[in-house]
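Chemist: everything below, folded, please.
(chains A and B)
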Amino acid sequence: MSTFTTSDAVIVRCEHLGRFVKVGDQERVLIEDATFEVRTGEVLAVVGPSGSGKSSLLRLLNRLDEPTSGTVFVEGIDYRQIAPRELRRKLGMVTQRPYLFPGTVEQNVRFGPSQRGANMPQESVDQILTEVGLKGYASRDIAKLSGGEAQRVSLARTLANSPLVLLLDEPTSALDEVSKLEIELLIQRIVPEQNLTCVMVTHDKAQAARLAQRAMLLESGHIVRIGSINEVLHA
Amino acid sequence: MLSLLFSNQLYLGLAQAGMASLAAMVVVLLARKRGIHLESETLIAMVRGIVQIVAVGSILVLLLRGPRWTSGFCLAGMMVAAGATSARRAKGIPGAFKVSTWAIICGAGSVIALMTWLGVISTAITSLVPVGSMLIANAMNTNGLVLNRFRSDVMAHAGEIETALALGADSNNSVAPYLQASFEASLIPAIDSLRSLGIVWIPGLMAGMLLSGARPVYAAIYQFVVLAMIFAASGLTSLVSTFLIRGQIFTSAEQLLLQPGG
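Modeler: Numbers count the residues shown, from 1 in each chain, chains lettered A, B, ... in the order given. Model prediction:
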């Protein structure tokens, strides 16, 4: 288990969060009555079988989907009171597939800040790329990157927005074993270094145990258990 | 050959329509062999097409004897019908009919109004309705193309669009590349028509003008005028459509509504 320092301060609090969608005439529950807290500085792993609602929960936290019940408080503020763009910068998301934009690595890294009219200094671009282990990659075409490199660029692109919380949606599931371990090491290093909090969806319980201090088990859209790694994964 | 078999013009017309439809159905059957099923859609479109054009032709005969202002109603009806037809190409996009109708009214309607005011299109019903309908029909096709392409692109790139949103992009920026590609693709037929005018095809309007005794050079120039107006109407329709449609696929919280499989 990792040894990140966490505080008791709550950065994200979900209250009775839920979302259902209509499929034909029927309602399908994606998440129901999810109430939990994410503490500042921790890595919270969200585990569960396929279709249990892990990614749906992350999409709700980033407000890419609208809750049909309940809400999320970010630093004590109901996230519906925060402009979606600002919220999404605060809760930066890294998806399973990196979905890099056509162009160079640098253009991808600059994307987030440019959306709010900020011109990222070259030193900052280089610094972020160095942090994710891609020193000297700035001018490289994204089409020439390996899967692991592309995921690092995706992480760098999210970090460029200076988020408070990193939402990682199975960031290593599409990678080979070597790249997976490299990304894990990167997460282990970057989260405490940049004073980040992290909610990480993974189907890999061993990975959850390696990276997280706490875990939450989801089944059929419901929280079954939440607590320390031992309480949740080895119960 | 058909003219030898049929002396009555009506029967000859029906026989010609039958032969042309047969050619279209052969294409549909060839497509079917490759697993592309267009049978019912093509059949319905052809039956609708022949019924509509015969009905409109009959109405036109009546209109030609009526006052000039009736052409305005006729064109307005055509624009609404065109909006409904092209909106079908945007399945799953909320408000597609409204977007399509407004786009065609702004695109084709404004070009028709301006050109009529300038005297490029005669106010005579015999001129205004057929030329106006050409502009509306082409605007409809362009609108159908732009919506269809945009819908496909958004569905295919939902991941990229949501990634851009998740990085703090606004909804307009997140779909900007797909709007641009859709706009460009929708204008390909209008540009190609202009480019190939007189070389690949001699449009019916020019042939009709020549048959009715117009000077060949004027007929040729006017055909260019019509195609340039079609380009203007189509381009404006496509611009308005792309402007309006992007607001339809996001919620007020900038969440993408159009999802693959959704």
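Chemist: dump the residue contacts of the closest residue to residue A:98 other than its chain neighbours.
Modeler: Nearest non-adjacent residue to residue A:98, counting by CB to CB, 6 or more residues apart in numbering or on different chains: residue A:154, 3.6 Å away. (Each C-beta comes from the backbone N, C-alpha and C, glycine too.) Applying CB atoms under 8 Å, 6 or more residues apart in numbering or on different chains to residue A:154 gives the contacts A:94-95, A:98-100, A:108, A:171.
Chemist: those residues in helices, which ones?
Modeler: The helices, defined by DSSP state H, take in residue A:108 from the contacts of residue A:154.
Chemist: okay, who's weakest in the contacts of residue A:154 by pLDDT?
Modeler: In terms of pLDDT, the weakest of these is residue A:171, which scores 86.
Chemist: rewinding a little: will you turn the contacts of residue A:154 into CSV that also has distance to residue B:68?
Modeler: Supplementary listing: the contacts of residue A:154 in CSV, determined by distance: CB to CB, whole Å:
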residue, distance to residue B:68
A:94, 64
A:95, 60
A:98, 62
A:99, 57
A:100, 59
A:108, 59
A:171, 68
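Chemist: for chain A, what lies in contact range of chain B?
Modeler: Within reach of chain B by CB under 8 Å from any CB of the partner chain, chain A has these residues: A:62-66, A:80, A:84-86, A:88-89, A:92-93, A:95, A:97, A:99, A:101, A:111-112, A:115-116, A:157-158, A:161.
Chemist: mind checking which of these are buried?
Modeler: Burial by neighbour count, 16 or more other CB atoms under 10 Å in any protein chain shown: within the residues of chain A next to chain B this picks out A:62-65, A:84-85, A:88-89, A:92-93, A:95, A:97, A:99, A:101, A:111-112, A:115, A:157-158, A:161.
Chemist: now residue A:219: how far from chain B?
Modeler: 23 Å (CB to the nearest CB, to the nearest Å).
Chemist: if you could redo that for residue A:143, that was the one I meant.
Modeler: Going from residue A:143 to chain B by CB to the nearest CB gives 14 Å.
Chemist: grab the nearest non-local neighbour of residue A:119.
Modeler: That would be residue A:113: by CB to CB, 6+ apart, it lies 7.4 Å from residue A:119.
Chemist: quick check: which helices or strands does whichever helix or strand the one you found is part of pack against?
Modeler: Element membership for residue A:113, per DSSP states H and E: helix A:105-115. Other elements packing on helix A:105-115 under the criterion 3 or more CB pairs under 8 Å, 6 or more residues apart in numbering or on different chains; DSSP states H and E are helix A:122-131, helix A:147-159.
Chemist: centre of the chain to the longest one, how far?
Modeler: Spelled out, that is helix A:147-159. The chain centre lies 12 Å from the centre of helix A:147-159; the measure is CA atoms, centre = their mean, to the nearest Å.
Chemist: tilt between it and helix A:122-131?
Modeler: Helix A:147-159 runs at 140 degrees relative to helix A:122-131, counting by axes from the mean of the first three to the mean of the last three CA atoms, to 10 degrees.
Chemist: and for residue B:166, the neighbour number?
Modeler: Per other CB atoms under 10 Å in any protein chain shown, the neighbour tally for residue B:166 reads 28.
Chemist: got the residues of chain B near chain A?
Modeler: Within reach of chain A by CB under 8 Å from any CB, chain B has these residues: B:159-160, B:162-170, B:173, B:251, B:253-256.
Chemist: most distant residue from the centre of chain A?
Modeler: In terms of distance from the mean C-alpha position of chain A, residue A:25 ranks first, at 32.8 Å (CA atoms, centre = their mean).
Chemist: against which helices or strands is the strand or helix carrying residue B:240 packed?
Modeler: Residue B:240 belongs to helix B:216-245 when assigned by DSSP H and E. Under the contact criterion of 3+ CB pairs under 8 Å, 6+ apart, helix B:216-245 touches helix B:96-104, helix B:110-118, helix B:125-156, helix B:171-186, helix B:188-195, helix B:204-211.
Chemist: would you reformat the ones you listed as CSV and include mean pLDDT and mean neighbour count?
Modeler: CSV is the format used below for the helices and strands packed on helix B:216-245 (pLDDT from 0 to 100; neighbours: other CB atoms under 10 Å in any protein chain shown):
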stretch, mean pLDDT, mean neighbour count
helix B:96-104, 96, 24
helix B:110-118, 94, 17
helix B:125-156, 92, 22
helix B:171-186, 93, 19
helix B:188-195, 86, 14
helix B:204-211, 74, 15
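Chemist: for residue A:140, see how far away the most centrally placed residue in chain A is.
Modeler: Central residue of chain A (CA atoms, centre = their mean): residue A:167, 1.4 Å from the mean position. As judged by CB to CB, to the nearest Å, residue A:167 and residue A:140 stand 26 Å apart.
Chemist: just residue B:109 next, same as before
Modeler: 50 Å.
Chemist: now do residue B:22
Modeler: From residue B:22 to residue A:140 the distance is 57 Å (CB to CB).
Chemist: what about those two, which has more around it?
Modeler: Using other CB under 10 Å as the criterion, residue B:22 and residue A:140 rank with residue A:140 on top: 16 against 9.
Chemist: I figured that one hits residue A:103, correct?
Modeler: No. Using CB atoms under 8 Å as the test, residue A:140 is too far from residue A:103 to be in contact (10.3 Å).
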